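Colleague: just need the structure, nothing else, for what follows:
(one chain, ligands or ions: 2)
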Amino acid sequence: MASEDKNGAGALPVVDLAPFLTTGDEDGTTAVREACREYGFFRVVNHGVPPQLMARALELSAAFFALPDEEKAKVRPVEGSEAPLPAGYARQPAHSADKNEYLLAFDPQLGFNRYPSEPSGFEGGFLELSDVHLLLLLLIREELEECYVKLTKLGVLIQILNECMGLQPGFLKEYNSDRSFDFMALLRYFPAMADENNGISEHQDGNCITFVLQDSVGGLEVFKDGAWVPADPVEGTIVVNLGDVIQVLTNNKMKSAMHRVVRMPEAHRHSLAFFFNVHGDRWVEPLPEFTEKIGEAPRYRKFLYREYQQLRMRNKTHPPSRPEDVVHITHYAICITKRMAIDPSNVDPHFLRRLLSSTEVFPEG
Ligand SMILES: O=C(O)CCC(=O)C(=O)O
Ligand SMILES: [Fe+2]
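Modeller: Ligands and ions are numbered 1, 2, ... in the order given. This is a model prediction of the structure:
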C-alpha cells in the first residue's frame, strides 16, 4: 500500500489508496503509521480525485488570481465588503499582498461562497471584458465545487488513520462526521525577491488533516529529521499532512507536520489546500488508548475545537507583537516537569542537552 518516494520528488512516503477505495482493504497501514509517527506527511496516489480535475482547478485558480483586484474583490470577503463569511473567519485585505494571496471556499451547500449572478445577454455574441470575467468566475465555481466535493470524499483517510491508531472501528468516522467546518484555500504565491523568499513561515496546521494540490513550481517544504525536505510537485498526487487535532488525540504519538512554503524566483506558485476539520463543538483531548490504557499521562488538557480555531484566527487578524504570544497547540499542553536536585557547577553538558530536549520537560507543539 505504501512505498518510499524514490524519484527525487521529496522524501515523502507514497500511499496507494486504490486497494482501500475499491475493496475497503485496510492492510498496509504500517507505512502510513510510520509516516504519521515520524513527521506527519505522506503523498497519496489513486486517491479518487481525477488528475484532470486537479489540473483544471489549479489552472482556473491561476486565472482567478490574474484578474484585476476589483474583480477579485467581488468574490473575496475582503475588508469593507459585505460578502458573507462563517463566524470567526478573517476578512482579507482588498489588495494583493506581497507574499501570497488566498481565496477561501466553503461547502457549496452552506451558501457562503459568493459568485456573481448569471451573466445575461451572451446570445448577442459580443462579450464585454467584464462579461468574460463573469464567465470565468462561473466556470471557476463549477469546477472548484466539483473539486471540493471530491476532496471531501478523500476524508475516508480518517478510516485508515483509525486503523493505524488501533481505535475501535468507526470511532474517528463518527467523531468527525460533520463536514460544516471544512474549508478550502486557493493560494497564489508571488515570486521571491532577491533578499526575501518566505511564502508561509514554518507552522503546523490546527485542523485534523490537510490535503494539498500544487502546480509544478514547488516550494512546499517539510521538517524531517532536523532538516527541511522539499515536498516537490508530482503530477496527479496529493500531499497529505496531519494537523494538531490528530497530534492531541494521539497524545503526541502522531505528529502535526511542521511545514513552510518558500517562494521561487521568477514564478508565481498556485496551490490548493483542503482543511478537513472536526466540528467546532467537538471536545479535543488525548484518547484513553494513548493515555490511561497504556499508563501515560495526558500531554494536553481538553478544549473545544471552536475555541482553538478562533484563537488561531486571532493570530492572523491581530498578530501579537511578541512571537511567544502567538497561539499554538502548546497553549493546551500540560507541562510535565521533573523535580530533581542538580548541582549546577557539576552538570554534564550532554546530560543537560538531553534533558532540555526531552518532551517530558517541554511537550512538543
Ligand atoms: O501552499 C501550500 O503548499 C501549503 C499551504 C499551507 O501550508 C497552509 O495554508 O497551511
Ligand atoms: Fe499549512
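
Colleague: hey, let's count contacts and neighbours off CA atoms from now on
Modeller: Fine.

Colleague: show me where the stretch 51-200 of the chain has its helices.
Modeller: Applying DSSP state H, counting those that start in this stretch to the stretch 51-200 of the chain gives helices spanning 51-65, 69-72, 129-153, 157-165, 171-175.

Colleague: would you turn the ones you listed into TSV with distance to His331?
Modeller: Output for the helices of the stretch 51-200 of the chain, formatted as TSV (distance: least, Cα to Cα, whole Å):
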stretch	distance to His331
helix 51-65	35
helix 69-72	36
helix 129-153	29
helix 157-165	24
helix 171-175	23
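
Colleague: could those go into CSV alongside mean neighbour count, mean pLDDT and distance to Val278?
Modeller: CSV is the format used below for the helices of the stretch 51-200 of the chain (neighbours: other Cα atoms under 10 Å; pLDDT from 0 to 100; distance: least, Cα to Cα, whole Å):
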stretch, mean neighbour count, mean pLDDT, distance to Val278
helix 51-65, 18, 91, 24
helix 69-72, 15, 78, 30
helix 129-153, 17, 80, 13
helix 157-165, 19, 91, 11
helix 171-175, 14, 96, 8
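
Colleague: and ligand 1, which of the ones you listed is closest to it?
Modeller: Using Cα to the nearest ligand atom as the measure, helix 51-65 is the one of the helices of the stretch 51-200 of the chain that comes nearest ligand 1, at 11.7 Å.

Colleague: how far out from the middle of the chain is that closest one?
Modeller: Remark: helix 51-65 is offset 18 Å from the chain centroid, using Cα atoms, centre = their mean, to the nearest Å.

Colleague: check stretch 66-73 too.
Modeller: 25 Å.

Colleague: all strands for the stretch 201-350 of the chain, in order.
Modeller: Along the stretch 201-350 of the chain, counting by DSSP state E, counting those that start in this stretch, strands occupy 209-214, 220-224, 227-230, 238-242, 259-262, 269-276, 283-284, 303-304.

Colleague: mind listing residues that contact the last one?
Modeller: In this structure, residues lying in contact with strand 303-304 by Cα atoms under 8 Å, 6 or more residues apart in numbering are Gly280, Asp281, Arg282, Trp283, Val284, Glu285, Tyr332.

Colleague: ok, that strand: who's next to it in the sheet?
Modeller: Sheet pairing of strand 303-304 (DSSP bridges) gives strand 283-284 (antiparallel).

Colleague: report the distance from the partner strand to the chain centre.
Modeller: Distance, centroid of strand 283-284 to centroid of chain: 19 Å (Cα atoms, centre = their mean).

Colleague: that strand - what's its average pLDDT?
Modeller: Here strand 283-284 scores 98 as its mean pLDDT.

Colleague: ok, now which ones touch Arg188?
Modeller: Counting by Cα under 8 Å, 6+ apart, Arg188 has contacts Ala62, Phe65, Asn100, Glu101, Tyr102, His268, Arg269, His270, Ser271.
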